[in-house]
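In: what's the 3D shape of this:
(2 chains)
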Amino acid sequence: MAEKKKLTTAEILAMARNQDKGGGEAGAGGSGAVEQSSDAAAASAPPETQKPVAAPKSTADILAAARAQGGGAKPSATKPAAGAAPKSTADILAAARAQGKGSGGDAAPAAKSVEAKPTPAKKAGVPEGDRPPLKDMVAAVKAASEGKPVVAPKVPVAKSKPKLPAKQEKVSRRSVMAMLSAVAITPFAAGWAVMGGLAGLWSLLVARFMMPNMVLELPSQFKVGPPSDFPPGTVSEKFKASRGIWIVHSDQYSGNDMIYALLSICTHLGCTPNWLEGEQKFKCPCHGSGFYITGINFEGPAPRPLERVGLRRAEDGMLEVDKSLKFQEELGQWSDPKSFYPVA
Amino acid sequence: MNPHPDLTVGVIHGLGWLYLLMFFLNVGWTVRSFRRDGHYHSLFGVEHIPKAVVWAAFSALLLLVALSHLAVNSDPESFLLRLPLWFKGSVDAIIANPISYFALSMVVFLAVVCLKDWWVQPTVAWTLFNASTIFLALSMTDYDFRQIVGKPDNVPIVGMLYLVGFFTWLYFYKANDNDRRVAEGRPLHEKELSDQVLVWPDLVYTEMVCMLLVTALLIVWGVALPAPLEEPASAVKTPNPSKAPWYFLGLQEMLVYFDPWMAGVVLPTIILVGLMAIPYIDFNKAGNGYYTFEHRKFAVTTFLFGFLPLWIGMIVLGTFIRGPNWNMFGLYEYWDVHKLEVLNNVNLSEMFWLDVMKQPLPRPGADDDILVQVGVILKREWLGILVTLAYLFVIPPLMAVTVFKKFFVRMGFIRYMVLATLVLFMASLPLKMALRWAMNMKYIVAIPEWFFNI
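Out: Okay, here's the model as predicted:
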């Protein structure tokens, strides 16, 4: 709609200008009377009649008609075309477009219709040569809406002409459009295909990246020394900085003398607590959680005890820590023999 | 030679400049007082003395103090103007105890609201400003106080406290003015004395001046107080104490009393969503576009309660008072890593089963069927679960028929329930804190098996 409006707005001005010139020439040529009367008709009749008509009909028709009428300023060579009314919307618009662009597709019928009229159409409408069909259509619209002939038809031949070219035009435009859109879409399709391919490749590379050739992590199992390195009632901080564990030798949990390894991660929010020798407790600097030497939480917000990791005596008599094993007291896992080394 | 001297020549000179600045400020105030405050009818037998004479005397005293500071060049230890030990001791005792600290912050909050007509008078407010600055200056004569407050990280917090005080004063000053106007039937200040100006040039010009001043301040600040750099971070070594950025210290303080899931996720979300919900649950159309307290008593008081004791108070607590091992230290107390505080705490379920029922705590066996485990856990925690459900579902209807009766009638069921829930969640923080301090309560519902603790 908007497109058509834009097109024809410029059109109207051009036509009006041409018409003025044409009128002057025509006057000199001697056919001034016809010209004058048609001008008057164009100026007075259309605007007044259009408004009442506008209500029932579709806007597109009325606009097209108004433009054709206002710009054309032709002796309206039209006739009651009752047949055109029902399907006129599409046809009229298509025809209007074709005429507005002045496309040469239907030069022959246009030329015929022009010749058929005794008007200065050749001089006036040079770019948009064939206005007569438009006149016809306007008349058809009016006739359809008012149900009576508007102007006495001078040229009955023009009756079916607007329809035929319009239909051909539509078909050819469609196929051109389809071709154009196919051409237009091709780069996008190609782009998406390339991007999809790259994304797939990238995912594969990421998957490969997740499986490095060499892992710099320390092994989860490591030896910490013989049991005699850890005297009773002590907390060894030897492996806190490097491996994040304390080795504790204590008999305070369940009364049995045992060595166990506690993970130095606070169970509240994961800070690293400190072992306070004087107070005999682990104390977290972030929110003040405190744990006994057994790892049991007793102050601050920590909701559960520190976690133990696996500890066993290896075949060579050394204690071996296994950080891949976790034992949580609140789940009853500290009774698991893998979670401590009993000092008999 | 004491490695931690309370006073050095540099400190004394710095305080001298501070007192000198105070002197000039008070000279300005004396002029203002002379013009506005009027006269005493009779003072010491002399008639018709301007009230400004008091401020003049105070300014003179400040000048003398400043000069006596600036004149010191040696032997700082013998300088006399410093805080007495009894004062430090009593302040430490109040501040380092969470109960008295929180009580103090509540007293300040209540005083701010209840004594608003008194303390927002310009003369009173100016006196309070002087008092706070002199308190700060005298406190700087203490080594430990200086270490904490003078840390480049913490200097802005002191500035922020002054800003909070100023803006609170500004609000109450304007609100009092309007409330008086409404009571006397006069038009609002915003209506009668509309000080609308043009955007260009008035507002833009003001903004440009502010921009220049703030830029200059930031440059001076950046040069004078460089950001402290610490040792490289290590995953296995946490600084002690380990503090969040100052604006998160309220959250960090919440984390002391709640499970990380609650204090780190649920409560902050409720705070944010609750603030967003205020326009929808607020039915009071008054107070739109002008300062007022009388028209919005509930809204202002609730906000100030959440802001002053529960947010600013917690930031002060986290910045100046929490020390090594997250223990509380007085303002003038040495941050001793080995300060021993007994903070043993227990869950409600332990209180119930061990102390009341004299039974061992029911514990789910590791090999039990999952349903049996759930049953045992629910049996262990039934009291806490009941208390929590009652708190959230019984108290709102009770409030609806008592204290919030008018609210309930005007708001309707859904809006009222949203309001009640938000208020209850806000109240849960001081309640939990009080329970921790008074009863050593750790968690009301403690299900570490499911990482669910309330």
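
In: please make it C-alpha for all contacts and neighbour counts, starting now.
Out: Noted.

In: what average pLDDT does the one helix or strand residue A:18 maps to get?
Out: Secondary structure assignment for residue A:18, by DSSP states H and E: helix A:2-29. Helix A:2-29 comes out with an average pLDDT of 57.

In: again, but for stretch B:324-334
Out: Rounded mean pLDDT across stretch B:324-334 is 91.

In: what's in contact with that stretch?
Out: Residues outside stretch B:324-334 that contact it (CA atoms under 8 Å, 6 or more residues apart in numbering or on different chains): A:283-288, B:88-89, B:91-98, B:142-145, B:240-241, B:320-323, B:335-337, B:339, B:341.

In: and for stretch B:242-252?
Out: Here stretch B:242-252 has contacts from A:285-287, B:157, B:263-264, B:268, B:310-312, B:314-315, B:318-319, using CA under 8 Å, 6+ apart.

In: hmm, try it at 6 Å
Out: By CA atoms under 6 Å, 6 or more residues apart in numbering or on different chains, the residues outside stretch B:242-252 that reach it are A:285, A:286, B:311, B:314, B:315, B:318.

In: also stretch B:64-74?
Out: B:12, B:13, B:16, B:19, B:20.

In: the fourth one should be in a helix, yeah?
Out: Yes - using DSSP: H, G, I helix; E, B strand; the rest coil, the assignment for residue B:19 is a helix.

In: can you show me the strands along the chain?
Out: If you meant another chain, say so; for now it's chain A. Counting by DSSP state E, chain A has strands at residues A:221-225, A:234-236, A:245-250, A:258-263, A:274-276, A:281-283, A:290-291, A:297-299, A:308-313, A:319-327, A:341-342.

In: not quite, I wanted chain B
Out: B:39-43, B:46-50, B:446-447, B:452-453.

In: highest average neighbour count across those?
Out: strand B:446-447 (a mean of 22; mean count of other CA atoms under 10 Å in any protein chain shown).

In: so which helix or strand of chain B has the lowest pLDDT on average?
Out: Taking mean pLDDT, DSSP states H and E as the measure, strand B:39-43 is the helix or strand of chain B with the lowest mean score, a mean of 79.

In: ok, that strand: who's next to it in the sheet?
Out: strand B:46-50 (antiparallel) (DSSP bridges).

In: alpha carbons of the strand it pairs with, in CSV - could you do that?
Out: The C-alpha trace of strand B:46-50 is given here as CSV (Å, rounded to 0.1, in the frame of the first residue of the first chain):
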residue,chain,number,x,y,z
VAL,B,46,24.8,41.0,81.1
GLU,B,47,21.8,41.9,79.1
HIS,B,48,21.2,41.3,75.4
ILE,B,49,24.1,39.1,74.5
PRO,B,50,23.9,37.5,71.0
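
In: what sits up against that strand?
Out: Here strand B:46-50 has contacts from B:38, B:39, B:40, B:41, B:42, using CA under 6 Å, 6+ apart.

In: return the distance of that strand from the chain's centre.
Out: Offset of strand B:46-50 from its chain centre (CA atoms, centre = their mean, to the nearest Å): 42 Å.

In: pLDDT on it, on average?
Out: For strand B:46-50, the per-residue pLDDT averages 81.

In: burial measure for the closest residue to residue B:281 other than its chain neighbours, as a count.
Out: Excluding its sequence neighbours, the residue lying closest to residue B:281 (CA to CA, 6 or more residues apart in numbering or on different chains) is residue B:415, at 5.6 Å. Residues lying near residue B:415 (other CA atoms under 10 Å in any protein chain shown) number 18.

In: next: the one 3 residues further on.
Out: Taking other CA under 10 Å as the neighbour definition, residue B:418 ends up with a count of 17.

In: grab the nearest non-local neighbour of it.
Out: residue B:281 (7.6 Å).

In: with residue B:314 instead?
Out: Nearest one to residue B:314, counting by CA to CA, 6+ apart, is residue B:250 at 4.8 Å.

In: all helices of the stretch 1-150 of chain B, in order?
Out: For the stretch 1-150 of chain B, applying DSSP state H, counting those that start in this stretch gives helices covering B:9-36, B:52-70, B:85-95, B:98-114, B:116-119, B:122-139, B:143-149.

In: tell me the residues of the stretch 151-300 of chain A that contact chain B?
Out: A:241, A:272, A:285, A:286, A:287, A:288, A:298, A:299 (CA under 6 Å from any CA of the partner chain).

In: from residue B:292, how far out is the residue nearest to residue B:418?
Out: 19 Å (CA to CA, to the nearest Å).

In: for the two, indicate the residue with more neighbours.
Out: residue B:292 (24 against 17).

In: follow-up on the earlier one: closest to residue B:28 among the contacts of stretch B:242-252?
Out: residue B:315 (33.0 Å; CA to CA).

In: what number of residues lie near the closest one?
Out: Residue B:315: 24 neighbours (other CA under 10 Å).

In: got a list of what it touches?
Out: Per CA under 6 Å, 6+ apart, neighbours of residue B:315: B:249, B:250.

In: what does the pLDDT read for it?
Out: Taking residue B:315 on its own, its pLDDT is 93.

In: what about the residue at minimal distance from the centre of chain B, distance to chain A?
Out: With distances taken as CA atoms, centre = their mean, the residue of chain B nearest its centroid is residue B:313 (2.3 Å). Separation of residue B:313 from chain A (CA to the nearest CA, to the nearest Å): 17 Å.

In: nearest spatial neighbour of that residue, chain-adjacent residues omitted?
Out: residue B:105 (6.5 Å).

In: low-confidence stretches in chain B?
Out: Applying pLDDT under 70 to chain B flags the ranges B:1.

In: quick one: name the residues of it near chain A.
Out: Residues of chain B lying near chain A (CA under 6 Å from any CA): B:236, B:238, B:240-242, B:256-257, B:325-326, B:343-345, B:366.

In: tell me how many other residues surround the residue of the stretch 101-250 of chain A found nearest chain B.
Out: Per CA to the nearest CA, residue A:241 is where the stretch 101-250 of chain A lies closest to chain B, at 5.5 Å. Residues within reach of residue A:241, counting by other CA under 10 Å, total 14.

In: re earlier: got the CA coordinates for the least confident helix or strand of chain B in PDB?
Out: Provided in PDB are the C-alpha atoms of strand B:39-43 (Å, rounded to 0.1, in the frame of the first residue of the first chain):
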ATOM      1  CA  HIS B  39      20.000  37.100  71.600                       C
ATOM      2  CA  TYR B  40      20.000  35.800  75.200                       C
ATOM      3  CA  HIS B  41      17.800  38.000  77.200                       C
ATOM      4  CA  SER B  42      20.300  37.900  80.000                       C
ATOM      5  CA  LEU B  43      23.600  36.000  80.500                       C
END
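
In: how close does the residue of the stretch 1-150 of chain B found nearest chain A sit to residue B:317?
Out: Proximity of the stretch 1-150 of chain B to chain A (CA to the nearest CA) peaks at residue B:98, 13.7 Å away. Counting by CA to CA, the separation of residue B:98 from residue B:317 is 9 Å.

In: low-confidence regions, chain A specifically.
Out: A:1-10, A:19-135, A:137-138, A:140-142, A:144-171.

In: can you give me the domain assignment for it?
Out: A:2-174, A:222-342 (automatic domain parsing).

In: now chain B
Out: In the recorded assignment (automatic domain parsing), chain B comprises B:1-82, B:348-453.

In: can you give me how far the lengthiest helix in chain B is from the chain middle?
Out: Longest helix in chain B, counting residues (DSSP state H): helix B:155-184. Centroid separation for helix B:155-184 versus its chain: 15 Å, with CA atoms, centre = their mean.
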